[in-house]
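Participant: Give the three-dimensional model of this entry:
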Amino acid sequence: MLAKQLGNIYTGSLYNGLLSLLCDPAIDLAGKSILMFSYGSGCAASMFVLRVTAGYRRIQALSDFKPRLASRVRISAQEYDEWMTLREQSFGRANLTPKAGIEHLEQGTYYLTHIDEKYVRYYAIKGASGSALAEGSRSPSLPQASSQAAKRLEVLDRQFSERSAVTGLAVQK
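Facilitator: Numbering: from 1, shown residues only. Here you go, the predicted structure:
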């Protein structure tokens with residue numbers, strides 16, 4: 001489901017596939033096991049088993065990926081090529097300020113503001129208050145969770161800090 005929308009995201013493909021499986025309403029995974037296997041282009045691989053518990057359907061509600069995918073911005077192939085050319089010309093440069101706007105970014109998203117003469121990268125957070133954060137910082141901090149995205153992250157953080165049964169998945173040893 002997601003792979004058709006996102007394409008190959010390399011390392012993330014394993015978890016992309018997991019989310020697609022967990023969010024498929026036609027499949028009941030409660031009580032089942034899922035074998036996860038991933039390998040890189042080198043000599044490393046990972047394999048583990050997830051046991052799906054009854055509460056896993058909460059992940060469907062929290063993922064919210066369908067509206068987020070629907071809100072993507074479409075651009076033409078020519079505009080994409082122009083952006084990629086600009087990125088190629090900017091790669092590895094110091095004293096750089098990106099030319100792209102941030103209007104398409106969600107509140108709470110980190111973005112690059114500039115790279116100084118020593119190649120130090122400065123970031124800001126969309127929607128953050130305070131001049132230091134608006135201009136960019138070497139280590140910006142997230143503002144209070146007022147945006148929908150920040151609230152989603154807080155919910156996920158709480159879930160992963162609690163027992164794994166709350167999320168509906170448990171790593172089997």
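Participant: For the rest of this, base every contact and every neighbour count on C-alpha atoms.
Facilitator: Noted.
Participant: Residues touching the helix or strand residue 81 falls within, excluding its own?
Facilitator: Element membership for residue 81 (DSSP states H and E) is helix 77-90. For helix 77-90, the surrounding residues in contact (CA atoms under 8 Å, 6 or more residues apart in numbering) are residue 96.
Participant: avg pLDDT for that helix?
Facilitator: Computed over helix 77-90, the mean pLDDT rounds to 92.
Participant: What are the buried residues along whatever helix or strand comes next after that helix?
Facilitator: Per DSSP H and E, helix 77-90 leads on to strand 110-115 as the next helix or strand towards the C-terminus. Residues of strand 110-115 classed as buried: 110, 112-115 (neighbour count, 16 or more other CA atoms under 10 Å).
Participant: Residue 94: which of the residues you listed is nearest?
Facilitator: Of all the buried residues of strand 110-115, residue 94 sits closest to residue 115, with 5.7 Å by CA to CA.
Participant: Does the closest one touch residue 95 like I think?
Facilitator: Yes - applying CA atoms under 8 Å, one finds residue 115 in contact with residue 95, separated by 5.4 Å.
Participant: Any chance of the backbone angles for residue 95?
Facilitator: The phi/psi pair for residue 95 (degrees, to the nearest 10) reads phi 50, psi 50.
Participant: residue contacts, it?
Facilitator: 114-117, 119.
Participant: Kindly report the same for residue 117.
Facilitator: 94-95.
Participant: In a strand, it, correct?
Facilitator: No - read with DSSP: H, G, I helix; E, B strand; the rest coil, residue 117 is coil and lies in no strand.
Participant: From residue 96, how far off is it?
Facilitator: Here the criterion is CA to CA, to the nearest Å. By it, residue 117 lies 8 Å from residue 96.
Participant: What of residue 121?
Facilitator: 9 Å.
Participant: Kindly report the same for residue 115.
Facilitator: Taken as CA to CA, the span from residue 115 to residue 96 is 5 Å.
Participant: just to revisit the earlier point, please tabulate the contacts of residue 95 in a markdown table, including the columns distance to residue 37 and pLDDT.
Facilitator: As requested, the contacts of residue 95 are exported to a markdown table (distance: CA to CA, whole Å; pLDDT from 0 to 100):
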| residue | distance to residue 37 | pLDDT |
| --- | --- | --- |
| 114 | 38 | 92 |
| 115 | 38 | 92 |
| 116 | 41 | 92 |
| 117 | 43 | 93 |
| 119 | 37 | 92 |
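Participant: Fine, thanks again, bye for now.
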